[in-house]
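S.K.: Any chance you can model this:
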Amino acid sequence: MRSASIFLMAHQDDEFGVFHQIESELAAGRWVRCIYVTDGAATADSDHRDRESRTVLQALGVEVNDILFVGRQLSIGDGQLHRHVGAFTGWLDSFLNDHPIIQACFVPAWEGGHPDHDMLHAIAVELLETRVDSPAVWQYPLYNGQNCFGPFFRVMSPLSSNGPIERQSIAWRDRFRYIRFCLSYPSQWRSWLGLFPFVGGHYLFRGAQYLQGTNRQRLEQPPHQRPLYYERRGFLDWPAMCLAIEQLHQNLSRLK
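M.R.: Here you go, the predicted model:
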C-alpha cells in the first residue's frame, strides 16, 4: 500500500499556502488527504466555501473523496477551534489509528496569525509527539503580524524562530497557475482584497514553497513578540490560547 500525506487546514482556502506541496506529494506517488477542521462559516456559507476549496484541490489532483470537511461534521465554528480541542483531538487520534501509513503531516505554522491556525498547530504537534509511529510534521506559513502594526501583516513569511527553512523553487508555469487559483474564492473576496496582492506577489516574485519542522517547546512561548496579529484584531488573546493548550494536555493524558 502506498504511503500517505495529510494536510491539516483550519479554513477553506488555507490551501493557498501549500499548493506546491500538495502537487509535490501527489507527484511522489503518495496518497494525499486534505482535512478542514472548522466550518469556515464566519465569513460565508459553508457550502460555498467547501465547493471553492474542493474545486481548487481537484485541479491540483486531489481526489474528491480525499477532501474531508471535519469541522462541519464536528460542529466546530470558524474561529472556535480553541473551544473544541477535545472533539478534534479525539477525531484526529482515531483517524491516525485508522491510517498507519501516513508518512508526513503538514500543518499551519505557529505564527500568531489566526487563532485557529495556532490551535491546529498545537493539537497536531502535541498529539503526534505522543505516538511511537509519528509521521514527519511540517509547518507552512500563511500570515503573521511580526514587526507589523495595526491591520498590516506578512504573508507566507516563515518566522526564523521556528527553525531552519526548507525552500522549494516553483516553476514559472506553476506560479501563474497558483495565482489563478487564488482568484477561485469569490465568497472570500473581502479577505482576498487584502491577501491577493501579497500572495500573488509571493508566487510571482519569490516563487517558493517554504516549510519548517516543528518543535513542541515553541508552544510554551508566543510565536513572536506580542501583540500577536489575532490579539490586535481582538479574536483571541495569548492567555486564552495558553488555557486551550492546557486543556489539550489534559485531553492527551486521557488518550494515553
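S.K.: What residues sit buried inside the helix ranked longest in the chain?
M.R.: Counting residues, the longest helix in the chain under DSSP state H turns out to be helix 238-255. For helix 238-255, a neighbour-count test (16 or more other C-beta atoms under 10 Å) marks 238, 241, 244-245, 248, 251-252 as buried. Just so you know, the C-beta spots here come from the backbone N, C-alpha and C atoms, and that holds for glycine as well.
S.K.: which one of the residues you listed is nearest residue 220?
M.R.: Distance to residue 220, by C-beta to C-beta, is smallest for residue 245 among the buried residues of helix 238-255, at 8.8 Å.
S.K.: Now do the contacts for the closest one.
M.R.: Contacts were defined as C-beta atoms under 8 Å, 6 or more residues apart in numbering; by that measure residue 245 touches 122, 126, 219.
S.K.: Spatially central residue in the protein, please.
M.R.: A centroid search over the chain (C-alpha atoms, centre = their mean) returns residue 108, at 3.1 Å, as the residue closest to the centre.
S.K.: Would you mind measuring from that residue to residue 122?
M.R.: From residue 108 across to residue 122, the span is 10 Å (C-beta to C-beta, to the nearest Å).
S.K.: Over to residue 249?
M.R.: 10 Å.
S.K.: same question, residue 62
M.R.: Taken as C-beta to C-beta, the span from residue 62 to residue 122 is 25 Å.
S.K.: If I look at residue 1, what pLDDT would I see?
M.R.: On pLDDT, residue 1 comes in at 69.
S.K.: Same question for the one 5 residues further on.
M.R.: Predicted confidence (pLDDT) at residue 6: the value is 98.
S.K.: Give me the neighbour count for it.
M.R.: Using other C-beta atoms under 10 Å, residue 6 has 25 neighbouring residues.
S.K.: beta partners of it?
M.R.: residue 33, residue 105 (DSSP bridges).
S.K.: Contact partners for it?
M.R.: Residue 6 touches 32-35, 99, 102, 104-106, 135, counting by C-beta under 8 Å, 6+ apart.
S.K.: In JSON lines: the residues you listed, plus pLDDT and neighbour count.
M.R.: Shown next, in JSON lines, are the contacts of residue 6 (pLDDT from 0 to 100; neighbours: other C-beta atoms under 10 Å):
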{"residue": "32", "pLDDT": "98", "neighbour count": "24"}
{"residue": "33", "pLDDT": "98", "neighbour count": "19"}
{"residue": "34", "pLDDT": "98", "neighbour count": "25"}
{"residue": "35", "pLDDT": "98", "neighbour count": "21"}
{"residue": "99", "pLDDT": "89", "neighbour count": "13"}
{"residue": "102", "pLDDT": "95", "neighbour count": "20"}
{"residue": "104", "pLDDT": "97", "neighbour count": "19"}
{"residue": "105", "pLDDT": "98", "neighbour count": "24"}
{"residue": "106", "pLDDT": "98", "neighbour count": "24"}
{"residue": "135", "pLDDT": "91", "neighbour count": "20"}
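S.K.: Residue 56 touches residue 14, doesn't it?
M.R.: No. Contact criterion C-beta atoms under 8 Å: residue 56 and residue 14 do not qualify, at 10.9 Å.
S.K.: For the chain, which segments count as strands?
M.R.: 4-9, 31-36, 67-69, 102-108, 136-140, 143-144, 154-155, 165-169, 208-213 (DSSP state E).
S.K.: Adding distance to residue 46, write these out as CSV.
M.R.: Formatted as CSV, the strands of the chain follow (distance: least, C-beta to C-beta, whole Å):
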stretch, distance to residue 46
strand 4-9, 14
strand 31-36, 10
strand 67-69, 8
strand 102-108, 19
strand 136-140, 23
strand 143-144, 22
strand 154-155, 24
strand 165-169, 32
strand 208-213, 28
